[in-house]
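A.B. asks: fold the following, please.
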Amino acid sequence: MEMDVCSGGTKVEMLILGSIRNWIILSCLLSAVPVLATARDSVAAMDSATVQDSAAVQDSAATQDTIPRPIGYTNDFEHLFTPGQIDTLDNLLHEYQRRTTIEIAVLTADSSLTMSGNFDFFTLKTMSAWRIGKKESDNGILISISRSFRKIRIQNGSGIEKVLPNADTKKIIDESFIPFFKKGQYYEGVLNGLKTLMQRLE
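C.D. replies: Numbering: from 1, shown residues only. As a prediction, the model looks like this:
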C-alpha cells in the first residue's frame with residue numbers, strides 16, 4: 001500500500017512539476033513578446049532613420065554646388081587654357097555679342113565646384129545665377145566643360161532653342177567639340193565649337 005501510495009504520490013508530483021514547468025515556459029514566452037516587439041520596433045526605427053539619413057545625404061549632395069562669380073566670357077576654373085587663349089576666346093565672344101546681342105559664356109569646372117552627378121543641374125543653376133542673355137529675349141548660352149568628369153553641356157536660353165533645337169546642339173557637341181577633346185585639345189575644341197555655334201545662329 002505504501003508502495004502504491006508512494007507510486008501514486010510520485011505521479012502526482014510529476015504532473016505538478018510538469019504543469020509548473022509548462023507554466024514557466026509559457027510565462028517566459030509571453031514575457032518575451034513585448035521584448036521581441038520592442039526589438040522589431042527598434043529595427044524599424046533604425047531602418048527609418050537610415051532612410052532619412054540617406055535622403056538627407058542626397059539632399060545635402062544636391063546643395064553642395066558652389067556657383068562661382070563670373071570672371072568674364074571665359075571662366076576657366078579648371079585651368080584648361082593659357083592666359084592668351086582666354087583672351088582670344090573673350091575677344092571672340094565679346095565681338096559676337098556686340099554684333100548679334102547673343103551672349104555666350106564658357107565655364108570649366110571640377111570637383112571644387114560640383115560633383116559629376118550634379119553637373120547638368122549645376123550648369124543650369126550657373127546660367128540662371130549669371131543671367132546670361134538678354135532678359136527680354138532669353139538669348140544666352142552657357143558652355144560648361146569638365147575634363148575631370150569627361151563631360152560637356154551646352155545650356156541654351158529659350159530664345160536660342162527656337163532656332164537651335166537640342167538635337168542640333170548635340171550634333172555640334174559631337175562633331176565640333178568632342179573630336180578635339182578626345183585628343184586633349186580643349187582650347188581648339190572650344191574655339192572650333194564656338195565658331196560652329198556662331199555660324200549656325202547667324
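A.B. asks: mind listing the strands for the protein?
C.D. replies: Using DSSP state E, the strands of the chain run over 74-76, 103-108, 140-146, 151-156.
A.B. asks: where in this structure is pLDDT low?
C.D. replies: 1-63 (pLDDT under 70).
A.B. asks: run through the helices of it in chain order.
C.D. replies: Remark: helices assigned in the chain by DSSP state H are 2-62, 83-100, 119-130, 158-161, 166-172, 178-181, 186-201.
A.B. asks: tell me the domain ranges of the chain?
C.D. replies: 1-63, 74-201 (automatic domain parsing).
A.B. asks: let me have the strands of the chain in a markdown table, extended by distance to residue 133 and mean neighbour count.
C.D. replies: Heads up, the C-betas are built off the backbone N, CA and C, glycines and all. Compiled in a markdown table, the strands of the chain are given as follows (distance: least, Cβ to Cβ, whole Å; neighbours: other Cβ atoms under 10 Å):
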| stretch | distance to residue 133 | mean neighbour count |
| --- | --- | --- |
| strand 74-76 | 16 | 22 |
| strand 103-108 | 5 | 24 |
| strand 140-146 | 2 | 24 |
| strand 151-156 | 9 | 20 |
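A.B. asks: nearest to residue 193, out of these?
C.D. replies: Closest approach to residue 193 among the strands of the chain (Cβ to Cβ): strand 140-146, 7.2 Å.
A.B. asks: residue 114 against residue 122, yeah?
C.D. replies: Yes: if you go by Cβ atoms under 8 Å, residue 114 and residue 122 touch, sitting 3.9 Å apart.
A.B. asks: residues shared between the contacts of the two?
C.D. replies: Contact criterion Cβ atoms under 8 Å, 6 or more residues apart in numbering; residues shared by residue 114 and residue 122: residue 65.
A.B. asks: quick check: residue 72 vs residue 106, distance?
C.D. replies: 9 Å (Cβ to Cβ, to the nearest Å).
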